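1. Give me coordinates for this.
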Amino acid sequence: MDAPYIAVARTDAIPPGTFVKVLIENRPYIVANTDGHYYAVEDNCSHEDYPLSFGCLDGDRIKCSLHGSRFSLDTGEPLDEPAEDPIATYRLRVENGQIWIDPSSPANRAAPRE
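-> Residues are numbered from 1 along each chain as shown. As a prediction, the model looks like this:
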């Protein structure tokens, strides 16, 4: 695997409808499996700086347990108030049962709205 991808988990460790929290250089990420499709997002709600890993999956969305905002795992866009800013999404590859994340920069170039 080409740098900057980093191996983070085996596919069999993340059954469909679940996610795991992984740390890369002490920074938390979420790797989610929705019906065999894998996503990598930052583990931080853009609304209140709260770990999304305390929340749950809702199809291809992740829900923050603090105020109920849901975010698209694909685009990072908020789907419910009170969140207005997207969360960062990251490029991910699956090869031979191994999940790899590119943590070098967000795939969606998420930035707070002004």
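2. and the residue minimising distance to the centre of the chain, bridged to which residues?
-> The residue lying closest to the centre of the chain (CA atoms, centre = their mean) is residue 41, at 2.0 Å. Residues in a beta bridge with residue 41, per DSSP bridges, are residue 30, residue 89.
3. do you know how far the residue lying closest to residue 54 once chain neighbours are set aside is from residue 47?
-> Nearest non-adjacent residue to residue 54, counting by CB to CB, 6 or more residues apart in numbering: residue 65, 4.7 Å away. Bear in mind the C-beta positions are built from the backbone N, C-alpha and C, glycine included. Distance of residue 65 to residue 47, given as CB to CB, to the nearest Å: 12 Å.
4. ok so, going back, which SS class is the residue nearest to residue 54?
-> When classified by DSSP: H, G, I helix; E, B strand; the rest coil, residue 65 comes out as coil.
5. more crowded one of residue 65 and residue 47?
-> residue 47 (20 against 14; other CB atoms under 10 Å).
6. That one: which element?
-> Residue 47 is part of no helix or strand, with elements assigned from DSSP states H and E.
7. That one touches residue 87, doesn't it?
-> No. Residue 47 lies out of contact with residue 87 (CB atoms under 8 Å); the separation is 9.6 Å.
8. Between the two, which contacts overlap?
-> Counting by CB atoms under 8 Å, 6 or more residues apart in numbering, the common neighbours of residue 47 and residue 87 are residue 78.
9. Pull out the buried positions in stretch 17-33.
-> 19, 22, 29-33 (16 or more other CB atoms under 10 Å).
10. Closest to residue 106 out of the residues you listed?
-> When these are compared for distance to residue 106 (CB to CB), residue 29 wins out at 10.8 Å.
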